[in-house]
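Chemist: got a predicted model here, sequence first, then my questions.
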Amino acid sequence: MSTTALQLSLLALVWLGYFALHSLFASIGLKQRLARSHPQWMPAYRLIFNLLAVGLLLLRYGWSMPIRRSPYGSGR
């Protein structure tokens, strides 16, 4: 399976989206707004941030890695 320009463009957009969301959730401004509006959530914020970061990374990784057939056949 060859990689097309469209596939590479989509992959770049997915990476940019991941970086944008990661930066948004890591920003001081968002944390301050969250602390003002929902102070009870702040103790769990770091855990949620890390779970979201890992989840988004795994989702992005899974989407960008094509499923390839084994060179050894189907295993039968």
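Modeler: Perfect, thanks for sending it.

Chemist: report pLDDT for Ser9.
Modeler: At Ser9, the model reports a pLDDT of 85.

Chemist: no no, Leu59
Modeler: So, for Leu59, pLDDT stands at 78.

Chemist: so what's the residue nearest the centre of the chain up against?
Modeler: Centroid-nearest residue in the chain: Leu56, 2.4 Å away (criterion: CA atoms, centre = their mean). Leu56 makes contact with 18, 21-22, according to CB atoms under 8 Å, 6 or more residues apart in numbering. (C-beta placed from N, C-alpha, C; glycine too.)

Chemist: okay, those in a markdown table with distance to Gln40, pLDDT and secondary structure next?
Modeler: Shown next, in a markdown table, are the contacts of Leu56 (distance: CB to CB, whole Å; pLDDT from 0 to 100; DSSP: H, G, I helix; E, B strand; the rest coil):
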| residue | distance to Gln40 | pLDDT | secondary structure |
| --- | --- | --- | --- |
| Tyr18 | 28 | 82 | helix |
| Leu21 | 23 | 85 | helix |
| His22 | 24 | 84 | helix |
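
Chemist: just the element for the residue nearest to the centre of the chain, please.
Modeler: helix 42-64 (DSSP states H and E).

Chemist: show me where this structure dips below the pLDDT cut-off.
Modeler: Residue ranges of the chain with pLDDT under 70: 1-3, 63-76.
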